Every structure is written in structure tokens, then in C-alpha cells.
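K.L.:
Predicted model and sequence below, questions to follow.
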Amino acid sequence: MSRATQRGGQTMTMNRRTLLKSASAASLVLAAPGIVGRARANDTIKLAAILDQSGGLDLLGRPMLAATKMAVDEINAAGGLNGAEVELISYDPQTTIQFYTQFATQAAAGDRADVVHAGITSASREAIRPLLNRYQSLYFYNTLYEGGVCDMNNFCTGSTPAQTVEKLVPFAMERFGKKVYVVAADYNYGQITAQWVKKYVEDNGGETVDIEFFPLDVSNFGPSIQKIQAAKPDFVMSALVGAAHISFYRQYASAGLTTEIPLASTTFALGGEHLLVSPEAAEGMLLAYGYFEEIDTPANAEFVEKLRASSSEEIPYIGETTARSYEGVMLWAEAVKKAGTKDRMAVIDALRSPVSFDGPSGTMTIEPKTNHALQNVYIGEIKNQKIEIIEEFEAQPPADTLLVCDLDENPNQSTFYFENGLAAAGIE
């Protein structure tokens with residue numbers, strides 16, 4: 001394991017022994033969290049990225065870090081922020097919650113990062129969000145998720161179910177039919193998203209015939225596929241996550257079900273999974289995200305070209321999590337420039353003023369009641385391992401999180417509304 005600190009294009013690597021010494025020193029800082037807020041040098045602004053470069057979620061994490069690096073490089077090439085260079089410090093948590101908490105501690109208390117961009121799963125977010133809040137390190141979560149975070153210190157730029165799933169479910173029902181079978185990852189995202197799917201199915205006059213959850217390390221889906229065959233739904237909605245779960249689509253195709261019982265997904269193709277399975281396994285699958293690589297605009301064409309040219313490794317497909325990693329850094333940078341300082345509260349106020357950024361996905365604007373993003377949403381269909389965008393919705397609000405969160409009225413919240421958000425939407 002190593003930590004790479006980028007300064008002006010040079011990279012310095014710290015080995016594990018050195019890192020452990022740093023972590024030990026950081027523990028002394030944690031005993032007195034007030035010193036985190038002391039004045040720092042003005043010649044650099046520190047951005048820490050904690051994104052999986054190995055483990056089961058590196059398929060998403062590697063391009064997310066590449067996009068983060070490109071954003072920082074562009075900012076520095078343009079003169080930095082308020083005359084200060086942005087220093088990128090990156091950590092690989094290896095898809096392990098223990099490392100997430102360790103590195104978030106190091107970023108907040110050891111590195112004294114001005115902002116942390118981190119997390120892929122909701123479990124990783126909830127492991128580090130309270131810690132970063134406690135030590136007053138501004139936090140950006142740039143991954144689509146289940147909604148419900150209400151935290152003045154946390155900005156969520158990824159799409160939520162009310163922005164994407166609410167569009168995908170009725171579209172798929174109109175095309176395929178009203179009987180839906182749900183398969184989902186067995187953690188916060190999958191559990192809550194499955195309930196939103198069920199709600200939207202019922203709202204549109206359909207029936208959810210069954211919901212199954214699978215731990216992230218499960219790769220044998222034979223029994224589940226047999227259950228799907230027996231249930232005979234009109235289509236399957238998948239909220240599976242990670243490398244092991246790709247096996248579901250291969251096994252589903254091998255059973256001959258792809259054409260018999262079509263698929264829609266809230267997660268597939270984020271990491272280019274449609275390029276890792278056979279064309280037949282993904283053909284006709286419906287998706288909804290805040291970004292697709294296929295968005296046909298000059299801004300997106302430039303982003304795609306520059307990201308592939310700047311990345312040290314191949315990026316087969318650029319999905320929402322990758323684009324959001326870039327756009328999240330740029331939204332933060334716009335706020336730092338607007339605030340005229342890197343001071344956390346001044347930057348938060350600037351973000352909520354609100355700040356907007358015209359990026360590869362379109363215009364994104366921070367919605368101040370929730371610290372989430374108003375964003376465009378696209379429905380796509382996979383055809384011969386390419387994604388055809390078939391519908392677009394502009395400036396969609398995070399309506400699910402707005403049900404439970406109003407930071408204008410109560411700015412002191414630091415809460416993840418799990419069951420409350422579902423209850424507010426009438427989901428039991």
C-alpha cells in the first residue's frame with residue numbers, strides 16, 4: 001500500500017512503514033481535534049482523495065481518481081485557486097472500511113486536508129462522514145447513492161433515486177411490462193434503492209414479485225436465476241454492485257434469459273461492465289444516470305478526449321461516477337474562487353449561494369436545502385455494447401432527500417435519514 005502526493009507533476013511515494021508512522025502521529029492530533037482548525041500555509045490547498053484502486057470496487061475507483069487528478073491538473077494549469085496551488089493527496093482504501101477510516105483520519109488530522117473527495121459505497125461514506133464532520137474537513141461524495149444524507153459539511157454530487165430510478169422504472173414498465181423482479185446488493189444502497197424501485201413500480205400500477213439481496217462477494221447466482229425463471233416477471237431490475245456481481249449478467253445470459261426476460265439497472269455500466277460481458281448479455285438493457293460517455297456535446301467530447309489522454313491507464317468506459325469525480329472537484333474549486341479563501345465555512349457558504357458548473361454532464365448546481373446537486377438525467381439503452389441515449393430530463397432536483405432535509409431551516413444537522421426518508425415517501 002502506498003500514498004502518492006502530487007506536487008507540480010512530481011509524485012512522491014510513502015511506503016506502509018512510513019504511513020504507519022504518520023498514522024501514529026495523527027493519533028496525537030486526534031486527541032486534540034481543535035488544532036485541525038489552526039491556520040495553515042497559504043501557498044497550497046490540500047485535496048485528499050480516498051478512492052478504491054484495488055479490491056472489488058477498483059473498476060470504479062481507478063477512473064474516478066484519474067478524473068480527480070485531471071481536475072486538479074487543470075486548476076493548477078490555470079493558476080490554481082486564489083493564487084494557491086492545489087496539492088492532491090491520494091489513498092487506496094482497497095475496498096476495505098477499516099482503511100477508509102484510517103485514511104480519512106490521516107487526511108483530516110495528519111494531512112489537514114482542506115477538502116476530502118472520497119467513497120464509493122454508502123458504507124464507506126457513512127464510515128468516514130461523521131469523522132470528517134468531527135474534524136471539520138469539508139467532504140464531497142461524488143457517487144450516485146440512495147439519498148437521505150443531510151449534513152452541512154457533506155456535499156453529494158451523485159444522482160439519487162428520485163432523479164434517476166423514478167424515471168427509469170416507468171420507462172421500463174412501459175416497454176417491458178408491469179411485473180418486476182428486483183436483485184440488489186446487500187448494503188445501504190441496494191436495500192434502500194430496492195424499496196424506491198418497489199414504490200415507483202406501485203405508483204405506476206405495477207407489481208414487485210420479489211426482491212433478493214446479495215453480499216458484495218457473492219458470484220454464484222444460479223439459485224436466484226432459477227427463481228426468476230419460475231416467477232416469470234416482465235423484467236428484472238438490478239441494483240447489483242462490484243466485480244463479483246458481474247457474474248450475474250454472464251450467468252443470466254448463459255441461462256438464455258436475456259431475450260426472454262429483459263433487464264434494467266440502476267448500477268450496470270458505471271465501470272464499463274457492458275464491455276466486460278458478451279454483447280448478448282447486455283443487449284437491450286435500460287439504464288438511467290446523470291451522465292453517459294455518449295452525451296453528444298462539445299463539452300463532453302472535450303472531457304472524454306482529455307481524460308483518456310491524461311490517464312496513466314486505459315479507461316474503457318466513462319460513467320457517472322467518473323464524470324462526477326471531475327465535476328465535484330470543479331464545483332468545489334468554483335466555490336473556493338467565489339469565497340476568495342479556502343476556509344471551510346466560507347467555502348460551504350459559497351457552495352450554497354449556490355455555485356454552478358457547466359461540465360460534461362451539463363449544468364450542475366448545488367441545491368442548498370440538501371447540499372445535493374440539481375442535475376440532468378439521461379435514460380440509455382445498451383445496443384451492441386454501446387449506449388444510446390433515448391431520453392433527457394433537465395435540472396432534476398433530489399426530491400427524495402428534500403422530503404427529509406432542509407439545511408436552510410436546520411443547519412446543524414449531520415444525519416443520514418435511512419428509514420425516515422422511506423417513511424416520508426410513504427414506503428413501509
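P.N.:
Looks like it came in fine.

K.L.:
Quick check, Asn371 in contact with Asp151.
P.N.:
Yes: the pair formed by Asn371 and Asp151 meets the contact definition of Cβ atoms under 8 Å, at 6.9 Å. Every residue, glycine included, has its C-beta placed from N, CA and C.

K.L.:
quick one: which of the two has more around it?
P.N.:
Comparing Asn371 with Asp151 by other Cβ atoms under 10 Å, the one with more neighbours is Asn371, at 27 against 21.

K.L.:
The nearest residue to that one once chain neighbours are set aside: which element?
P.N.:
The spatially closest residue to Asn371, leaving aside those adjacent along the chain, is Phe155, at 4.8 Å (Cβ to Cβ, 6 or more residues apart in numbering). Remark: Phe155 resides in strand 154-156, with elements defined by DSSP states H and E.

K.L.:
And Lys306, by the same measure?
P.N.:
Assigned by DSSP H and E, Lys306 belongs to helix 298-310.

K.L.:
what does Ile211 give?
P.N.:
Assigning secondary structure by DSSP H and E places Ile211 in strand 207-214.

K.L.:
Would you confirm that Ala71 contacts Thr322?
P.N.:
No: using Cβ under 8 Å as the test, Ala71 is too far from Thr322 to be in contact (11.1 Å).

K.L.:
higher neighbour count, these two?
P.N.:
Looking at Ala71 and Thr322 with other Cβ under 10 Å, you find the greater number of neighbours at Thr322, namely 31 against 25.

K.L.:
Leu65 versus that one, what's the distance?
P.N.:
Counting by Cβ to Cβ, to the nearest Å, the separation of Thr322 from Leu65 is 9 Å.

K.L.:
circling back to that earlier point, tell me the average confidence for the helix holding Lys306?
P.N.:
Helix 298-310 shows a mean pLDDT of 98 in the predicted model.

K.L.:
Now that helix: buried residues?
P.N.:
Residues of helix 298-310 classed as buried by neighbour count (16 or more other Cβ atoms under 10 Å): Asn300, Phe303, Val304, Lys306, Leu307.

K.L.:
can you list those residues in CSV and add distance to Gln53?
P.N.:
Shown next, in CSV, are the buried residues of helix 298-310 (distance: Cβ to Cβ, whole Å):
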residue, distance to Gln53
Asn300, 25
Phe303, 21
Val304, 21
Lys306, 21
Leu307, 16
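
K.L.:
Let me know the closest of the residues you listed to Ala118.
P.N.:
Set against Ala118, the nearest of the buried residues of helix 298-310 by Cβ to Cβ is Leu307 (19.7 Å).

K.L.:
Surely that closest one and Gly319 touch.
P.N.:
No: in this structure, Leu307 is not within contact of Gly319 by Cβ under 8 Å, at 11.8 Å.

K.L.:
Overlap of the contact sets of these two?
P.N.:
Counting by Cβ atoms under 8 Å, 6 or more residues apart in numbering, the residues touching both Leu307 and Gly319 are Pro63.
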